[in-house]
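S.K.: Generate a structure from the sequence data that follows.
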Amino acid sequence: MSFSTKGEYGVRLMVQLGRRYGSGPASLAEIATEEDLPRPYLEQLVMSLRDADLVTSTRGSHGGYELSRPPETIPMIAVLHALEGPIAPMICATDESAAAHEPTCDRTSRCTVNFLWIRIRDAISTTLEGMSLADLVPERTTLIQPTQLQESRHP
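M.R.: As a prediction, this is how the structure comes out:
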(Lines give C-alpha, C1' and ligand atoms only; values in the text may rest on other atoms or scores of the structure.)
Protein backbone atom coordinates (compact mmCIF):
# COMPACT_ATOMS: atom_id res chain seq x y z
CA MET A 1 0.00 0.00 0.00
CA SER A 2 1.25 3.46 -0.78
CA PHE A 3 -0.03 6.98 -0.38
CA SER A 4 -0.20 9.39 -3.29
CA THR A 5 1.62 12.68 -3.73
CA LYS A 6 -1.49 14.29 -2.23
CA GLY A 7 -0.68 12.59 1.05
CA GLU A 8 3.06 13.21 0.89
CA TYR A 9 2.88 16.87 -0.14
CA GLY A 10 -0.06 17.54 2.17
CA VAL A 11 1.80 16.15 5.18
CA ARG A 12 4.85 18.24 4.28
CA LEU A 13 2.60 21.31 4.07
CA MET A 14 1.06 20.54 7.45
CA VAL A 15 4.51 20.06 9.03
CA GLN A 16 5.54 23.49 7.76
CA LEU A 17 2.36 25.03 9.17
CA GLY A 18 3.04 23.20 12.43
CA ARG A 19 6.53 24.69 12.62
CA ARG A 20 5.01 28.13 12.19
CA TYR A 21 2.13 27.57 14.62
CA GLY A 22 1.45 30.65 16.69
CA SER A 23 3.34 33.05 14.40
CA GLY A 24 0.46 33.98 12.10
CA PRO A 25 -0.54 32.93 8.60
CA ALA A 26 2.09 31.44 6.30
CA SER A 27 2.29 32.05 2.58
CA LEU A 28 1.94 29.04 0.32
CA ALA A 29 4.57 30.60 -1.93
CA GLU A 30 7.11 30.48 0.93
CA ILE A 31 6.21 26.91 1.81
CA ALA A 32 6.36 25.84 -1.83
CA THR A 33 9.85 27.34 -2.13
CA GLU A 34 11.08 25.88 1.16
CA GLU A 35 9.75 22.39 0.41
CA ASP A 36 10.44 22.51 -3.34
CA LEU A 37 6.78 21.79 -4.12
CA PRO A 38 4.53 23.20 -6.86
CA ARG A 39 2.48 26.06 -5.44
CA PRO A 40 -0.63 25.36 -7.59
CA TYR A 41 -0.72 21.82 -6.20
CA LEU A 42 -0.44 23.13 -2.62
CA GLU A 43 -3.35 25.47 -3.35
CA GLN A 44 -5.47 22.43 -4.24
CA LEU A 45 -4.36 20.46 -1.19
CA VAL A 46 -4.96 23.28 1.25
CA MET A 47 -8.63 23.37 0.19
CA SER A 48 -9.11 19.78 1.37
CA LEU A 49 -7.32 20.59 4.62
CA ARG A 50 -9.49 23.68 5.11
CA ASP A 51 -12.67 21.70 4.39
CA ALA A 52 -11.60 19.24 7.10
CA ASP A 53 -11.16 22.17 9.53
CA LEU A 54 -7.44 21.49 9.89
CA VAL A 55 -6.30 24.87 8.54
CA THR A 56 -7.76 28.34 8.32
CA SER A 57 -7.10 31.03 5.77
CA THR A 58 -6.62 34.77 6.06
CA ARG A 59 -6.96 37.06 3.07
CA GLY A 60 -4.88 40.13 2.37
CA SER A 61 -1.28 41.18 2.00
CA HIS A 62 -0.31 39.48 5.28
CA GLY A 63 -2.65 36.55 4.69
CA GLY A 64 -2.00 32.91 4.22
CA TYR A 65 -2.76 29.67 6.00
CA GLU A 66 -2.31 28.45 9.54
CA LEU A 67 -3.35 25.47 11.61
CA SER A 68 -6.84 25.70 13.07
CA ARG A 69 -5.58 24.29 16.38
CA PRO A 70 -2.32 23.26 18.07
CA PRO A 71 -0.26 20.57 16.28
CA GLU A 72 -0.50 18.19 19.25
CA THR A 73 -4.31 18.09 18.83
CA ILE A 74 -4.21 17.12 15.15
CA PRO A 75 -3.99 13.34 14.69
CA MET A 76 -2.21 12.24 11.54
CA ILE A 77 -5.16 10.06 10.63
CA ALA A 78 -7.27 13.22 10.27
CA VAL A 79 -4.66 14.77 7.97
CA LEU A 80 -4.44 11.70 5.74
CA HIS A 81 -8.22 11.25 5.70
CA ALA A 82 -8.58 14.83 4.47
CA LEU A 83 -5.98 14.30 1.76
CA GLU A 84 -6.39 10.67 0.71
CA GLY A 85 -9.87 9.66 1.84
CA PRO A 86 -10.54 6.42 3.70
CA ILE A 87 -7.64 4.17 4.66
CA ALA A 88 -8.17 1.03 2.60
CA PRO A 89 -5.53 -1.42 1.37
CA MET A 90 -8.40 -2.97 -0.61
CA ILE A 91 -11.81 -1.46 -1.35
CA CYS A 92 -13.51 -4.16 0.72
CA ALA A 93 -11.58 -3.03 3.82
CA THR A 94 -12.29 0.68 3.87
CA ASP A 95 -12.26 2.32 7.30
CA GLU A 96 -15.55 4.11 6.67
CA SER A 97 -18.67 2.66 8.22
CA ALA A 98 -20.55 0.08 6.20
CA ALA A 99 -23.48 2.49 5.93
CA ALA A 100 -21.25 4.99 4.12
CA HIS A 101 -20.66 2.72 1.16
CA GLU A 102 -22.20 -0.28 -0.51
CA PRO A 103 -20.21 -3.49 -0.77
CA THR A 104 -18.25 -3.44 -4.00
CA CYS A 105 -17.44 -7.12 -3.99
CA ASP A 106 -20.04 -9.85 -3.87
CA ARG A 107 -17.50 -12.15 -2.19
CA THR A 108 -17.10 -10.04 0.97
CA SER A 109 -19.36 -12.24 3.12
CA ARG A 110 -17.41 -15.42 2.27
CA CYS A 111 -13.99 -13.97 1.47
CA THR A 112 -11.08 -15.77 3.11
CA VAL A 113 -8.56 -12.93 2.75
CA ASN A 114 -10.72 -9.98 3.83
CA PHE A 115 -9.42 -10.52 7.36
CA LEU A 116 -5.88 -9.78 6.13
CA TRP A 117 -6.91 -6.47 4.53
CA ILE A 118 -8.80 -5.42 7.65
CA ARG A 119 -5.78 -6.22 9.86
CA ILE A 120 -3.52 -4.16 7.58
CA ARG A 121 -6.01 -1.28 7.58
CA ASP A 122 -6.31 -1.41 11.38
CA ALA A 123 -2.52 -1.45 11.85
CA ILE A 124 -2.11 1.61 9.63
CA SER A 125 -5.03 3.41 11.29
CA THR A 126 -3.73 2.64 14.79
CA THR A 127 -0.32 4.04 13.89
CA LEU A 128 -1.83 7.21 12.40
CA GLU A 129 -4.20 7.66 15.36
CA GLY A 130 -1.24 7.35 17.73
CA MET A 131 0.72 10.14 16.07
CA SER A 132 -0.07 13.81 16.08
CA LEU A 133 1.27 16.51 13.80
CA ALA A 134 3.42 17.64 16.75
CA ASP A 135 5.37 14.36 16.47
CA LEU A 136 6.59 15.49 13.04
CA VAL A 137 7.14 19.17 13.75
CA PRO A 138 10.46 19.21 15.65
CA GLU A 139 13.53 19.68 13.49
CA ARG A 140 15.07 16.34 12.65
CA THR A 141 18.85 16.63 12.54
CA THR A 142 19.45 12.98 11.70
CA LEU A 143 17.42 10.39 9.91
CA ILE A 144 15.76 8.04 12.37
CA GLN A 145 15.99 4.43 11.27
CA PRO A 146 12.87 2.26 11.79
CA THR A 147 14.78 -0.02 14.18
CA GLN A 148 15.73 2.98 16.34
CA LEU A 149 12.09 4.08 16.46
CA GLN A 150 10.94 0.62 17.58
CA GLU A 151 13.66 0.43 20.25
CA SER A 152 12.70 3.84 21.64
CA ARG A 153 9.06 2.80 21.94
CA HIS A 154 9.73 -0.62 23.43
CA PRO A 155 12.47 -0.33 26.08
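
S.K.: and residue 133, how many residues sit next to it?
M.R.: Counted with other CB atoms under 10 Å, the neighbours of residue 133 add up to 24. Heads up, the C-betas are built off the backbone N, CA and C, glycines and all.

S.K.: Now for it: which residues touch it?
M.R.: Residues near residue 133 by CB atoms under 8 Å, 6 or more residues apart in numbering: 14-15, 18, 67, 71-72, 74-76, 79.

S.K.: Next one: the closest residue to residue 41 other than its chain neighbours, what pLDDT does it get?
M.R.: Leaving aside its chain neighbours, residue 41 sits nearest to residue 9 (6.3 Å; criterion: CB to CB, 6 or more residues apart in numbering). pLDDT recorded at residue 9 is 95.

S.K.: ok but residue 9 is inside a helix, no?
M.R.: Yes - per DSSP: H, G, I helix; E, B strand; the rest coil, residue 9 lies within a helix segment.

S.K.: From residue 87, how far out is it?
M.R.: For residue 9, the distance to residue 87 (CB to CB, to the nearest Å) stands at 18 Å.

S.K.: Check residue 52 too.
M.R.: Between residue 52 and residue 87 the distance is 15 Å, computed by CB to CB.

S.K.: Of these two, which one has the most company?
M.R.: When neighbours are counted by other CB under 10 Å, residue 52 and residue 87 differ, and residue 87 comes out ahead with 20 against 15.

S.K.: Low-confidence bits of the chain, can you list those?
M.R.: Scanning the chain for pLDDT under 70 picks out 1, 89-109, 139-155.

S.K.: And the helices in it, which stretches?
M.R.: 5-19, 28-35, 39-51, 76-84, 114-129, 146-153 (DSSP state H).
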